[in-house]
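>>> Return atomic coordinates for the entry below.
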Amino acid sequence: MDPFDENHISRDLNELILQHLTVKEILDISLVSKNWNSVIGSSRKCMKKIKLALKFWRSTSKNEQAAEKIKIMENVSRKYQHVSVDCRFDRSVSAVFWKLLTDLAPNLVSLKVKSIKLDNLTPINLPKLQELRVVYVPIDIRNILISSSDAFISLKLKLVSPLNWNKTSKSDPESSSCIRKCLTSNSNLKIIELYGAVQYGFLFDEDLSNDIKFSLHTLKIKNDMRLSLIPEITEQNLIKFLSTQSSSLQTVYIDVCRPNVIQYILNNMRVLKSVQIETVLTDYKIRDLNLRLNEHVIDLRIPYVNRNQDIREMLGVFPNLTHLFVAHLSLETMEYIAWNLQKLRLLKYRYDEIDCESLYEKLKEENPEVNQNIEMIVDYDYT
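Numbers count the residues shown, from 1 in each chain. Below is the predicted model of the structure:
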């Protein structure tokens, strides 16, 4: 007797059985027969655990890989909920993927699209889409995707293409309208990540603080612009936006901003736990920011605070740090950390002027009252 024959076991009972299978077990039993493969492919419980990932690799030519991708997508029968695709700006692959996306639309929960290029665009509705990540996606396609759902929890947007920087360095009215509609209709957003000047611009060129209803826990902004090119009104709108998230935001990553933005983040975000600031403060000292004591932040990453005094000034604000990254670790800073950050457990850095790790071991032996539990790691690739 076939255990998945609907004449013997109902589809609802099948779902109760299938929900306990691991990903490996799901893939294995889908090979038993065409019927089992069909049952797996139509099972919401199984498809919740499996991602369709279509990427290019190096072992064969691009044309061969494109042909294989198209063949795979044309024969997809499963109701995938999680899809990731890199179209490599191939129009044929992109067109077949867009058709597949339309077929999967009713069930799709998470979607990552990279390097897509289409001549003919049709609107799409993704009613259950909660996670969207677009990388090197043209503006018109990105606008359609961010307008496709009002169920977003996570929204990650990256610049259209490094090769088209001059063409995409300004936001446009249509994009501003799309993002405003997206933000006002998605009240469950928890994560926003923006990479590129366009994304930063179309989100903060206008004051959206009165229109949003969500409460973020993660905000990451990397805009790759010189500070002189960022209008002060944009940063004022950013601060207004941050003020609406002050009771929920737990993780912030930001670069290329003026000191008043840093000051607001560190002094006013009441539940902030993790901060990464990549701004180079060449004309300001940390003491000029007038930072208040902050006992909530436990993870701090400051790769471009280079002056030893500035590093120690900032560390003095965060007595409860458990994780810390600094680019330059001096003997004086290491000693300050050991004596004053008693809860620190992980210290990462790119380089030190002397062997700070050995000196830390010696310091522990001679002074049992210093923090004895810091793991020190040299990490040149830390991001």
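>>> Please enumerate the strands of the stretch 151-300 of the chain.
154-158, 191-195, 218-222, 251-254, 274-277, 299-302 (DSSP state E, counting those that start in this stretch).
>>> Mean pLDDT and distance to residue 232 added to those, as JSON lines?
(C-beta placed from N, C-alpha, C; glycine too.) JSON lines is the format used below for the strands of the stretch 151-300 of the chain (pLDDT from 0 to 100; distance: least, CB to CB, whole Å):
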{"stretch": "strand 154-158", "mean pLDDT": "93", "distance to residue 232": "23"}
{"stretch": "strand 191-195", "mean pLDDT": "93", "distance to residue 232": "19"}
{"stretch": "strand 218-222", "mean pLDDT": "94", "distance to residue 232": "16"}
{"stretch": "strand 251-254", "mean pLDDT": "96", "distance to residue 232": "16"}
{"stretch": "strand 274-277", "mean pLDDT": "96", "distance to residue 232": "19"}
{"stretch": "strand 299-302", "mean pLDDT": "96", "distance to residue 232": "24"}
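>>> who touches the nearest residue to residue 319 once chain neighbours are set aside in this structure?
Among residues not flanking residue 319 along the chain, residue 295 sits closest, at 6.4 Å (CB to CB, 6 or more residues apart in numbering). Neighbour list for residue 295: 318, 319, 320 [criterion: CB atoms under 8 Å, 6 or more residues apart in numbering].
>>> Out of these, give me the one that has the most neighbours.
When neighbours are counted by other CB atoms under 10 Å, residue 318 leads the contacts of residue 295 with 22 neighbours.
>>> Could you pull up the contacting residues of that residue?
Residue 318 neighbours (CB under 8 Å, 6+ apart): 294, 295, 297, 298, 300, 341.
>>> now residue 244
By CB under 8 Å, 6+ apart, the residues touching residue 244 are 209, 212.
>>> Could you report the separation of it from residue 234?
Distance check for residue 244 against residue 234: by CB to CB, to the nearest Å, it reads 16 Å.
>>> same question, residue 272
22 Å.
>>> what does residue 136 give?
23 Å.
>>> Of the two, which one has the most company?
With neighbours defined as other CB under 10 Å, residue 136 and residue 234 compare such that residue 136 has more, 22 against 18.
>>> For the more buried one, give me the pLDDT.
Looking at residue 136, its pLDDT stands at 89.
>>> Let me have the strands of the stretch 151-300 of the chain in JSON lines, extended by mean neighbour count and distance to residue 330.
What follows is the strands of the stretch 151-300 of the chain, written out as JSON lines (neighbours: other CB atoms under 10 Å; distance: least, CB to CB, whole Å):
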{"stretch": "strand 154-158", "mean neighbour count": "21", "distance to residue 330": "35"}
{"stretch": "strand 191-195", "mean neighbour count": "19", "distance to residue 330": "32"}
{"stretch": "strand 218-222", "mean neighbour count": "19", "distance to residue 330": "28"}
{"stretch": "strand 251-254", "mean neighbour count": "20", "distance to residue 330": "25"}
{"stretch": "strand 274-277", "mean neighbour count": "20", "distance to residue 330": "19"}
{"stretch": "strand 299-302", "mean neighbour count": "21", "distance to residue 330": "14"}
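>>> closest to residue 335 out of the ones you listed?
strand 299-302 (18.0 Å; CB to CB).
>>> ok, residues contacting the closest one?
Here strand 299-302 makes contact (CB under 8 Å, 6+ apart) with 273-277, 311, 314-315, 318, 321-326, 382.
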